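Asker: 3D, please:
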Amino acid sequence: MADNVEAIAATFRLLDSDTYEQALESIHDEFVMETPSELASEPDVYRGPAGVRRWWESFLEAMESVRLEVKDVHTIDDDTALVEFVIKARGRTTGIETEQRAVGLATAREGKVVGLEFFTDLDRARAAAGLPPG
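Answerer: Numbering: from 1, shown residues only. So this is what the prediction gives:
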């Protein structure tokens with residue numbers, strides 16, 4: 001796995017309510033992430049490490065804990081990977097546990113994640129990356 005793809009995988013593994021601050025060190029200043037309405041109750045665009053912090057803080061306002069569990073990493077090239085993951089969360093006031101599967105199309109530069117798009121399934125993510133259905 002190339003250094004940039006390794007950085008993507010390592011960053012995703014740190015995206016958890018207890019360790020997300022550590023993941024911010026792997027987020028490029030030019031980072032851009034958009035959360036689509038299919039996967040987010042409040043779609044938005046997040047930029048740089050401060051944007052990722054804002055994304056996590058919005059989660060933690062409503063959730064007692066949030067864990068992102070990486071299921072698989074598919075290398076596309078030296079700088080790009082598809083990451084299949086599950087977000088598991090427990091509501092702060094209700095205690096209700098939820099789980100949502102998604103796929104991230106991530107790019108990295110200089111060992112830091114610079115872009116992230118979310119998709120509801122692997123085929124949509126593959127299509128966005130210019131790949132045939134898997």
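Asker: L68: how many residues sit nearby?
Answerer: Number of residues near L68 (other CB atoms under 10 Å) recorded here: 21. Placement of C-beta: from N, CA and C, glycine included.
Asker: what do you get for E38?
Answerer: Neighbours of E38 under the rule other CB under 10 Å: 12.
Asker: what residues are up against it?
Answerer: Neighbouring residues of E38 by CB atoms under 8 Å, 6 or more residues apart in numbering: T120.
Asker: now swap in Y20 and tell me
Answerer: So Y20 contacts 14, 52-53, 56 (CB under 8 Å, 6+ apart).
Asker: which phi and psi does it have?
Answerer: phi -60, psi -30 (degrees, to the nearest 10).
Asker: which neighbouring elements make contact with the helix or strand hosting A81?
Answerer: Assessed by DSSP states H and E, A81 sits inside strand 80-91. Here strand 80-91 touches helix 3-13, strand 63-77, strand 97-109, helix 122-128, going by 3 or more CB pairs under 8 Å, 6 or more residues apart in numbering; DSSP states H and E.
Asker: quick one: which of those is nearest V45?
Answerer: Minimum separation from V45 across the helices and strands packed on strand 80-91 (CB to CB) falls at strand 97-109, 15.1 Å.
Asker: returning to what we had before: direction included, what does the strand holding A81 pair up with?
Answerer: With DSSP bridges as the test, strand 80-91 is paired with strand 63-77 (antiparallel), strand 97-109 (antiparallel).
Asker: where in the chain is pLDDT low?
Answerer: Counting by pLDDT under 70, the chain has low-confidence residues at 1.
Asker: run the chain-centre distance for stretch 20-28.
Answerer: Centroid displacement of stretch 20-28 relative to its chain, using CA atoms, centre = their mean, to the nearest Å, is 12 Å.
Asker: quick check: buried residues in that stretch?
Answerer: By neighbour count with 16 or more other CB atoms under 10 Å, stretch 20-28 contains the buried residues 20, 23-24, 26-28.
Asker: would you mind giving the residues you listed as a markdown table with secondary structure and distance to A129 added?
Answerer: Putting the buried residues of stretch 20-28 into a markdown table (DSSP: H, G, I helix; E, B strand; the rest coil; distance: CB to CB, whole Å) gives the following:
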| residue | secondary structure | distance to A129 |
| --- | --- | --- |
| Y20 | helix | 25 |
| A23 | helix | 22 |
| L24 | helix | 25 |
| S26 | helix | 21 |
| I27 | strand | 20 |
| H28 | strand | 19 |
